[in-house]
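Novice: Using only what follows, build the 3D model:
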Amino acid sequence: MELRTAPRVCSLPGNAAFWGWNRVRSRRNRAGFRLDSEFGGDRRRRCSPVTGGPVRCSSGAEEPPRPAAARVIYGVAPAMGHNQESHPESHFRVPAIVTALEKMELTPKVRSDGIVELPTVKPASVDDLLHVHTRAYVLGLEKAMDKASDKGIIYIEGSGPTYATATTFQESLVAAGVGMALVDSVVDASSITQNPPTAFALIRPPGHHAIPKGPMGFCVFGNIAIAARYAQRVHGLKRIFIIDFDVHHGNGTNDAFYDDPDIFFLSTHQDGSYPGTGKIDEIGVADGEGTTLNLPLPGGSGDIAMRTVFDEVIAPCAQRFNPDIILVSAGYDAHVLDPLASLQFTTGTYYALASNIKQLAKELCGGRCVFFLEGGYNLQSLSYSVADSFRAFLGEPSLASKFDDPMILYEEPLAKVKQAIQRVKQLHSL
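Specialist: You can find the predicted model right below:
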């Protein structure tokens, strides 16, 4: 792992920045989305100091959570100290989502009967990480925190875009810990009800680019990969189905399970986008041949393309694999407003994906399903789309028509999409 020092920037330590959420909410982000809430009340969040013990991140006064009775359970790990000025993967992302959930009354404070937030989270341990990442990388990053503390921001991916601050290692453990805790909650609930809550890890840094030997593409540790191994190891859920609909290929998750027959990794992503991996003929090796499916979509693909992909590729693959749990790398950077790619997903697309995946989990694996936040860099489209995903989990109508502007969409390259779908169906005998 190569480390490079960046100029020091004015960045508050993690906990101090976390306490300052409400001071941010009166500002406008670069997309013009106002972060203040229309609803009154005390919206401050309380988070324990960043230590090796449990981290408390919950809204004001709350009743004891009842995950089994809920429709949605989520955990929050905003990594407020992991931030670089003007970087797209910033500490504004998760607070923007939480503010939107509050504004749209999709939090336990208003919906205590249907929505639960994890009140405490135990960070992942180094041993948890070592089921996915090499010891040299994990311990090397932990040691690098001293240098980050002295120098400000360091780059941990050589010439790549992934940075670290003094709090990055511990906050990344918390992010992975949220994912593991949500697996616990969903599995426990599924043992006492046929309709367990759908879970969402609102966490950063994201994880699906992080390879076993190091960080990559804004990602530090492979949150979803760590959770998959945890589900197998702790809960005995042998067969894991991972859906990755981020606009960029989840190369880290791909690599972690490329030879594993018990973990099916399915990625849809923009053809030719970063990091250049995820070709259609990359289907796994050895015992894992056939349990990796990569479907690059041509630029301009949108709602019609993705709905077709779900019906003709995602659902048949999941049904044939018959998983014990479904995990989702939920990247919202395929949205037409996102600045880092050129697909044309809309808020409505993400609602449909969330609704269909939830139904798929109900049919195949007792409703066990956990979403993990990956990309999404326009704060408006990110927060609205996550909020509409929550509505899908609740079984409520979409409000996408209030957010989406069909006038900015253009004709999808459906002939090319059809060709890609037919090719992947042939490769995988669908």
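
Novice: quick one: buried residues of stretch 224-242?
Specialist: For stretch 224-242, a neighbour-count test (16 or more other CB atoms under 10 Å) marks 224-232, 235, 237, 239-242 as buried. To be clear about C-beta, it is placed using only N, CA and C from the backbone, and glycine gets the same treatment.

Novice: And the residues you listed, which two are furthest apart?
Specialist: Using CB to CB, these reach their maximum pairwise distance at 226 and 239, which is 17.5 Å.

Novice: Residue 188 belongs to a helix?
Specialist: Yes. Counting by DSSP: H, G, I helix; E, B strand; the rest coil, residue 188 is found in a helix.

Novice: Would you agree it is in contact with residue 68?
Specialist: Yes. Residue 188 lies in contact with residue 68 (CB atoms under 8 Å); the separation is 7.4 Å.

Novice: ok, those two, which is more surrounded?
Specialist: The residue with more neighbours, out of residue 188 and residue 68, is residue 68; 18 against 13, by other CB atoms under 10 Å.

Novice: what's the more buried one in contact with, if anything?
Specialist: 188-189, 192-193, 196-197 (CB atoms under 8 Å, 6 or more residues apart in numbering).

Novice: Kindly state the beta-bridge partners for the residue nearest the centre of the chain.
Specialist: Among the residues of the chain, the one closest to the centroid is residue 373, at 1.7 Å (CA atoms, centre = their mean). Beta-bridge pairing for residue 373 (DSSP bridges): residue 330.

Novice: That one and residue 190, how far apart?
Specialist: 22 Å (CB to CB, to the nearest Å).

Novice: ranges for the helices of the stretch 251-400 of the chain?
Specialist: Assigned by DSSP state H, counting those that start in this stretch, the stretch 251-400 of the chain shows helices spanning 251-256, 303-309, 315-321, 347-365, 379-394.

Novice: I'd like the mean pLDDT over stretch 179-193, please.
Specialist: Stretch 179-193 carries an average pLDDT of 97.

Novice: who touches that stretch?
Specialist: Applying CB under 8 Å, 6+ apart, the external contacts of stretch 179-193 come out as 67-70, 73-75, 118, 121-122, 124, 128, 196-201, 203, 223-224, 226-227, 230-231, 234-235, 237, 325, 366-370, 372.

Novice: so how far is that stretch from its chain's centroid?
Specialist: Here the centre of stretch 179-193 is set off from its chain's centre by 18 Å, with CA atoms, centre = their mean, to the nearest Å.

Novice: Of the buried residues of stretch 224-242, which is the nearest to residue 299?
Specialist: For the buried residues of stretch 224-242, the minimum distance to residue 299 (CB to CB) is 24.2 Å, reached by residue 242.

Novice: That closest one should be in a strand, yeah?
Specialist: Yes. Counting by three-state DSSP, residue 242 falls inside a strand.

Novice: In this protein, spot the strand with the most residues.
Specialist: Ranked by residue count and defined by DSSP state E, the top strand of the chain is strand 263-270.

Novice: Mark which of the contacts of stretch 179-193 are part of strands, please.
Specialist: Per DSSP E, the contacts of stretch 179-193 map to strands at 73-75, 121, 198-201, 203, 325, 369-370, 372.

Novice: Now tell me which of those residues the prediction trusts least.
Specialist: Across those, the smallest pLDDT goes to residue 121, namely 89.

Novice: right, and that one touches residue 176 too?
Specialist: No. Taking contacts as CB under 8 Å, residue 121 lies outside contact range of residue 176: 9.9 Å.

Novice: Please identify which of those two sits among more neighbours.
Specialist: residue 176 (31 against 28).

Novice: From what I see, the more buried one and residue 229 are in contact.
Specialist: No. At 10.7 Å, residue 176 does not count as touching residue 229 under the criterion of CB under 8 Å.

Novice: between those two, what contacts are shared?
Specialist: Counting by CB under 8 Å, 6+ apart, the residues touching both residue 176 and residue 229 are residue 128.

Novice: a markdown table for the ones in strands among the contacts of stretch 179-193, including distance to residue 300?
Specialist: What follows is the ones in strands among the contacts of stretch 179-193, written out as a markdown table (distance: CB to CB, whole Å):
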| residue | distance to residue 300 |
| --- | --- |
| 73 | 36 |
| 74 | 32 |
| 75 | 35 |
| 121 | 39 |
| 198 | 30 |
| 199 | 32 |
| 200 | 28 |
| 201 | 30 |
| 203 | 30 |
| 325 | 33 |
| 369 | 29 |
| 370 | 31 |
| 372 | 27 |
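
Novice: out of the residues you listed, who's nearest residue 355?
Specialist: Once CB to CB is applied, the member of the ones in strands among the contacts of stretch 179-193 that ends up nearest residue 355 is residue 198, at 10.0 Å.

Novice: Look up the closest residue to the closest one, ignoring the ones flanking it.
Specialist: In space, and not counting its chain neighbours, residue 198 is closest to residue 393: 4.3 Å by CB to CB, 6 or more residues apart in numbering.
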